[in-house]
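> no letters, just coordinates:
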C-alpha cells in the first residue's frame with residue numbers, strides 16, 4: 001500500500017480563492033474591507049518570515065494589512081497599549097500577536113487583552129470556551145486546517161475513531177473539540193499515555209501534534225488510516241545542513257496509511273489560509289453581516 005498524499009498547498013490555494021471572492025462581495029455589497037493587524041516583537045527569523053508571508057497573502061486576497069514591528073526590548077505595557085489601540089480601531093477586524101514573545105512579556109496577558117471578537121488566532125479564553133461548549137467561535141487556525149484536510153479524504157467524519165497526539169491549547173485541545181463537533185469518537189493522547197503506540201493503532205484518523213520529530217512510527221498506524229501530521233521539526237542532515245520533518249516517520253507511514261499529509265506542504269500552508277478566513281468571519285460578525293464563508 002502507498003498512501004494518498006493530501007496536498008495542503010493546493011487546498012490552501014483553493015481556500016484563499018474562496019476568501020478573495022468573499023472579500024470582493026463584502027466590498028461590493030456592504031462597503032466593508034476586512035483588515036488584519038499583525039504585531040511582531042523582536043527579530044526572530046522564523047517569525048519574521050511568517051509575518052511577511054501573512055502580510056503578502058492578506059493583500060493578495062484584497063484585505064487591508066497592518067503590520068506593527070516592535071523592538072525586542074519593548075515592554076509589556078507598551079505592547080498592551082498597542083493591542084488596546086487596535087481593539088478600538090474599526091478598520092482592524094483581526095489582531096494577531098506573533099508568538100513567541102520576549103521573556104519580559106507575559107503571553108497570557110497579551111492574549112487576554114485582545115478583543116475576543118478580533119482574536120483571529122482563537123487563543124482567547126472566551127473563544128476557547130465557546131468552542132468547548134459548541135457555540136460559534138473564532139477557532140485556532142491550524143486545527144481548522146487539520147479538519148479541512150481530513151475532509152479532503154473523508155467528507156463526513158461522523159463515527160470515525162480519532163486520536164489526537166498532543167494536548168496543547170494551540171492545536172491538540174481545539175482540534176479535539178472540532179472533531180467532537182464532527183461527531184468523531186475522540187481520544188487525546190500524549191507523552192505519558194500508557195501504550196501510546198497501541199492507542200494510535202486504534203485510530204481511523206490520527207492527528208500528530210506532539211512536537212517530537214518522527215516520534216510516531218509506521219507500525220503505530222492502523223492500516224488504511226488517515227494521518228494528519230502537524231509537526232514541523234528541523235533536524236540535522238549528514239552534510240551539516242538541516243531538513244524539515246514532521247512528528248510522523250513519513251517514509252514508514254507512507255507504506256501503511258491510507259492517506260497522509262507531507263511535511264512540508266501539508267498542514268503548514270493551511271494555517272495562513274485559515275487565518276484569512278477567520279478575519280473575514282470576524283469582519284462579518286463585527287458588521288452584523290451573515291457569514292459568507
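All right, it came through fine. The structure presented is a predicted model; accordingly, all values stated were derived computationally and were not measured. Residues are numbered from 1 along each chain as shown.
> hmm, what's the outermost residue in the chain?
The C-alpha centroid of the chain is most remote from residue 239, which lies 32.1 Å away (Cα atoms, centre = their mean).
> figure out the helix or strand that that one lives in.
For residue 239, there is no enclosing helix or strand under DSSP states H and E.
> quick one: residues contacting residue 180.
Counting by Cβ atoms under 8 Å, 6 or more residues apart in numbering, residue 180 makes contact with residue 186. Yep, even glycine has a C-beta here, placed from its N, CA and C like the rest.
> that one in helix, strand or coil?
Under the three-state scheme (DSSP: H, G, I helix; E, B strand; the rest coil), residue 180 adopts helix.
> that one and residue 210, how far apart?
Summarising the geometry, the distance separating residue 180 from residue 210, computed by Cβ to Cβ, to the nearest Å, is 20 Å.
> check contacts around the closest residue to residue 25 other than its chain neighbours.
Nearest residue to residue 25, sequence neighbours excluded (Cβ to Cβ, 6 or more residues apart in numbering): residue 292, at 5.9 Å. With contacts taken as Cβ under 8 Å, 6+ apart, residue 292 has the following neighbours: 22, 25-26, 280, 284.
> also residue 50?
Contacts of residue 50 by Cβ under 8 Å, 6+ apart are residue 98.
> would you agree it falls within a helix?
Yes: if the criterion is three-state DSSP, then residue 50 is within a helix.
> and residue 130, how many residues sit next to it?
With neighbours defined by other Cβ atoms under 10 Å, the count for residue 130 comes to 17.
> my read: it touches residue 124, true?
No: using Cβ atoms under 8 Å, residue 130 makes no contact with residue 124, being 9.4 Å away.
> all helices for the stretch 151-293 of the chain, in order.
Using DSSP state H, counting those that start in this stretch, the helices found in the stretch 151-293 of the chain span residues 172-181, 196-201, 250-254, 268-286.
> now swap in the stretch 1-150 of the chain and tell me
8-30, 45-60, 76-88, 107-113, 125-132, 141-153.
> any idea which of the ones you listed is most buried?
Here the criterion is mean neighbour count by mean count of other Cβ atoms under 10 Å, and of these the winner is helix 141-153, at a mean of 23.
> contacts for that one?
Among residues not part of helix 141-153, those counted as contacts by Cβ under 8 Å, 6+ apart are 4, 6, 8, 11-12, 15, 120-122, 157, 170-171, 174-175, 178-179, 182, 205, 207, 226, 228, 230, 258-259, 261, 266-267, 270-275, 277-278.
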